[in-house]
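**Q** Need coordinates for the following:
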Amino acid sequence: MSRKLDFFKVEVVAHDPSWRGAFETESKQIALAFSNENALAIHHIGSTAIPQIYAKPIIDMLVVVKDIIKVDTQNSALEALGYEARGEFGISGRRFFRKGNEAGVRTHHIHTFEVNSAQIERHLAFRDYMIFHPEDAQQYSELKQELANKYSDNIQGYMDGKAGFIKDIDLKAAKWRLSELNL
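**A** The predicted structure follows:
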């Protein structure tokens with residue numbers, strides 16, 4: 001049975017190298033739950049995937065699927081792993097799941113998109129851009145620390161505070177990705 005996770009303290013912590021292993025372990029379970037027939041790839045995204053920056057200690061995963069509607073039939077398999085299905089959760093075409101530990105502290109997010117969704121490229125470009133541009137990653141880390149201190153009990157304030165920076169990086173990342181692909 002999944003726990004409701006509607007409130008949590010906004011806290012960012014120094015990068016933890018074990019996050020990579022936590023992603024790898026969890027992604028294997030996720031792959032089984034989604035089944036090989038639908039899941040095409042599972043990516044580690046979000047701040048825990050970017051070395052050296054502060055992050056909320058929540059492993060974000062992006063699952064690319066052939067058919068987003070089929071995901072709805074796989075909810076029970078993910079619920080058996082402790083995930084709570086949240087539907088689109090504010091982003092059209094997404095299926096979102098979240099998981100917490102026994103204390104109710106959120107530990108994992110799954111963002112599921114159908115292959116060819118623009119959201120997939122946006123998330124991967126952001127992650128990769130930040131890895132290859134440590135000066136921007138450091139600015140993001142500092143912003144996250146500042147916002148977590150200011151909005152420790154207000155996740156919406158924290159998210160709103162990051163929105164402009166993320167939008168700017170999304171634009172830089174898209175241009176960078178095109179230049180990397182020589183397009």
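
**Q** CA only for contacts and neighbour counts going forward, please
**A** Noted.

**Q** Who are the contact partners of R20?
**A** H44, T48, A49 (Cα atoms under 8 Å, 6 or more residues apart in numbering).

**Q** Isn't the last one up against D128?
**A** No - when contacts are counted by Cα atoms under 8 Å, A49 is not listed as touching D128 (9.2 Å).

**Q** Neighbour count: these two, which is higher?
**A** A49 (24 against 16; other Cα atoms under 10 Å).

**Q** That one and T107, how far apart?
**A** Distance check for A49 against T107: by Cα to Cα, to the nearest Å, it reads 14 Å.

**Q** Which strands border the longest strand along the chain, and is each parallel or antiparallel?
**A** Longest strand in the chain by number of residues, with DSSP state E as the criterion: strand 106-114. Under the criterion DSSP bridges, strand 106-114 sits next to strand 59-65 (parallel), strand 94-100 (antiparallel) in its sheet.

**Q** now the last one, how far from the centre of its chain.
**A** If I follow you right, that is strand 94-100. Chain-centre distance of strand 94-100: 10 Å, with Cα atoms, centre = their mean, to the nearest Å.

**Q** In space, what's closest to the residue at minimal distance from the centre of the chain - neighbours in sequence excluded?
**A** Centrality entry for the chain: nearest residue to the mean C-alpha point is D60, 3.1 Å, by Cα atoms, centre = their mean. Spatial nearest neighbour of D60, chain neighbours left out: H109 (4.7 Å); criterion: Cα to Cα, 6 or more residues apart in numbering.

**Q** unless I'm mixing things up, that neighbour is touching I58, no?
**A** Yes - applying Cα under 8 Å as the test, H109 and I58 come out as touching, 7.0 Å apart.

**Q** Give me the buried stretch members for the longest helix seen in the chain, please.
**A** If you go by DSSP state H, the chain has its longest helix at helix 155-180. When burial is assessed from 16 or more other Cα atoms under 10 Å, helix 155-180 yields the following buried residues: I155, G157, Y158, M159, G161, I169, D170, A173, A174, W176, R177.

**Q** how about JSON lines for those, with distance to T25 and pLDDT added?
**A** Listed next are the buried residues of helix 155-180 as JSON lines, based on distance: Cα to Cα, whole Å; pLDDT from 0 to 100:
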{"residue": "I155", "distance to T25": "27", "pLDDT": "91"}
{"residue": "G157", "distance to T25": "32", "pLDDT": "95"}
{"residue": "Y158", "distance to T25": "29", "pLDDT": "96"}
{"residue": "M159", "distance to T25": "28", "pLDDT": "95"}
{"residue": "G161", "distance to T25": "32", "pLDDT": "97"}
{"residue": "I169", "distance to T25": "29", "pLDDT": "98"}
{"residue": "D170", "distance to T25": "28", "pLDDT": "97"}
{"residue": "A173", "distance to T25": "28", "pLDDT": "97"}
{"residue": "A174", "distance to T25": "30", "pLDDT": "95"}
{"residue": "W176", "distance to T25": "31", "pLDDT": "96"}
{"residue": "R177", "distance to T25": "29", "pLDDT": "91"}
